[in-house]
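J.: build the 3D model from these lines:
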Amino acid sequence: MTSRPEVNGKLPLTELREMGSRGERIVMVTAYDYPSGRLADLAGIELILVGDSAAMTVLGHATTVPATMEEMLMLTRAVTRGAERALVVADMPFGSYQVSDEDAVRNAVRFVKEAGADAVKLEGAGPSISRVTALVGAGIPVMGHLGLTPQSATMLGGFKAQGKTADKARELLEDAVALERAGCFALVLEAVPAPVAARITEELAIPTIGIGSGGGCDGQVLVLHDLLGLYSGHSPRFTKRYAEIGAEIQRALERFAAEVRSGAFPAEEHTYAMAEDELEAFLSSPRPPARTET
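T.: Below is the predicted model of the structure:
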């Protein structure tokens, strides 16, 4: 793992831009609890996103939209307890920033103050430009997100790649530049054609983090449950599984259930003993009186 400068034990945001300018790839992964946050931190990953994808991967919803502020705050608190060095970015859930700049600032402050997040992420451009300006003005670092934005997938025609025509690609580039000017420190590009994402990356001074957007971005992010094989729902074509932990967990649970039913577990080594004289005294003690109903 490459040695990086730290501020109060944390990787400084400015280092991300320096990494991009040096051609060093930035790694981001989602995490939703203390163990996954700790493991990502120990692996030397620079950014941990507490994604609203938790609504699907952890909470069992069909989309990210049902995730609430209270749920995201709880998950973010757990991750920040495990991440000592990596920067933790909290995903602002649907409804937490769309109404007004004031709502956005109030909810983002909660992520920083109550949950210990280092930054927040919000989706889209348009009204989100104003939100970014307000959040940065309040001293809260913001990561942008363009392309396939899951919170508005219905408006985009479903979970489909974005920017596939020249006009749409130009819109993405213009939105990316606007988000950078508004103060975003980084930008996620999701399901964007690789040449479009590469062009956007070239035009921006801030780093881009790709997911399904090719290798021309400054970094890459994957959902933890996708890369570990923990999520059994539909996974996009751009995901890659680095392990099949879900299948291994199922096998372990099946072995446990079989041993309990056969009596093989618990064995003697899994139990506690007591002195023989104490055991004899206990076994010879009189039976307690029957409990009377009141």
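
J.: wait, what's in contact with the closest residue to Ala134 other than its chain neighbours?
T.: Closest residue to Ala134 apart from its sequence neighbours, by C-beta to C-beta, 6 or more residues apart in numbering: Asp101 at 3.9 Å. In short, each C-beta sits where N, CA and C put it, glycine included. Taking C-beta atoms under 8 Å, 6 or more residues apart in numbering as the contact definition, Asp101 lies against 130-131, 133-134.

J.: now do the SS call for Gln235.
T.: Check again: residue 235 is Ser, not Gln. Put simply, Ser235 is coil when judged by DSSP: H, G, I helix; E, B strand; the rest coil.

J.: which of the helices or strands spans the nearest residue to it once chain neighbours are set aside?
T.: Excluding its sequence neighbours, the residue lying closest to Ser235 (C-beta to C-beta, 6+ apart) is Asp226, at 5.1 Å. According to DSSP states H and E, Asp226 maps onto helix 224-227.

J.: the helices in the stretch 101-250 of the chain, which residues?
T.: 101-113, 127-137, 166-182, 194-203, 224-227, 245-262 (DSSP state H, counting those that start in this stretch).

J.: so what secondary structure elements neighbour the third one?
T.: If I follow you right, that is helix 166-182. If contacts are counted by 3 or more C-beta pairs under 8 Å, 6 or more residues apart in numbering; DSSP states H and E, helix 166-182 sits against helix 127-137, strand 142-147, strand 186-190, helix 194-203.

J.: can you list those in TSV and add distance to Leu13, mean neighbour count and mean pLDDT?
T.: Formatted as TSV, these follow (distance: least, C-beta to C-beta, whole Å; neighbours: other C-beta atoms under 10 Å; pLDDT from 0 to 100):
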stretch	distance to Leu13	mean neighbour count	mean pLDDT
helix 127-137	12	19	96
strand 142-147	10	27	97
strand 186-190	8	27	97
helix 194-203	18	19	97
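
J.: quick one on the thing from earlier: okay, among the contacts of Asp101, which ones form the most distant pair?
T.: By the measure C-beta to C-beta, Arg131 and Thr133 form the most distant pair in the contacts of Asp101, at 7.3 Å.

J.: who touches the helix holding Asp226?
T.: For helix 224-227, with C-beta under 8 Å, 6+ apart as the criterion, the contacting residues are 29-32, 36, 40, 57-58, 230-231, 235, 239-243.

J.: export stretch 243-258 to CSV, keeping only CA atoms.
T.: In CSV, the C-alpha atoms belonging to stretch 243-258 read as follows (Å, rounded to 0.1, in the frame of the first residue of the first chain):
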residue,chain,number,x,y,z
ALA,A,243,-15.3,-13.7,-4.2
GLU,A,244,-18.4,-15.9,-3.7
ILE,A,245,-18.8,-15.2,0.0
GLY,A,246,-22.6,-15.6,-0.1
ALA,A,247,-22.4,-19.2,-1.3
GLU,A,248,-19.8,-19.9,1.4
ILE,A,249,-22.0,-18.4,4.1
GLN,A,250,-24.9,-20.6,3.0
ARG,A,251,-22.7,-23.7,3.1
ALA,A,252,-21.5,-22.8,6.6
LEU,A,253,-25.1,-22.3,7.8
GLU,A,254,-26.2,-25.6,6.3
ARG,A,255,-23.3,-27.4,8.1
PHE,A,256,-24.2,-25.7,11.4
ALA,A,257,-27.9,-26.7,11.0
ALA,A,258,-26.9,-30.3,10.1
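
J.: and that stretch, how far from the chain's centre?
T.: 24 Å (C-alpha atoms, centre = their mean, to the nearest Å).

J.: quick one: mean pLDDT over that stretch.
T.: In this model, stretch 243-258 has a mean pLDDT of 96.

J.: closest to Gly183 out of the contacts of Asp101?
T.: Nearest member of the contacts of Asp101 to Gly183, counting by C-beta to C-beta, is Thr133, at 6.4 Å.

J.: the closest one: what's it in contact with?
T.: 101, 182-183.

J.: which of those residues lies closest to Arg199?
T.: Looking across those and measuring by C-beta to C-beta, the closest to Arg199 is Ala182, at 19.9 Å.

J.: gap between the closest one and Arg131?
T.: 9 Å (C-beta to C-beta, to the nearest Å).

J.: again, but for Pro266
T.: Between Pro266 and Arg131 the distance is 55 Å, computed by C-beta to C-beta.

J.: wait, isn't Met72 in contact with Val88?
T.: No. Counting by C-beta atoms under 8 Å, Met72 does not reach Val88; the two are 12.0 Å apart.
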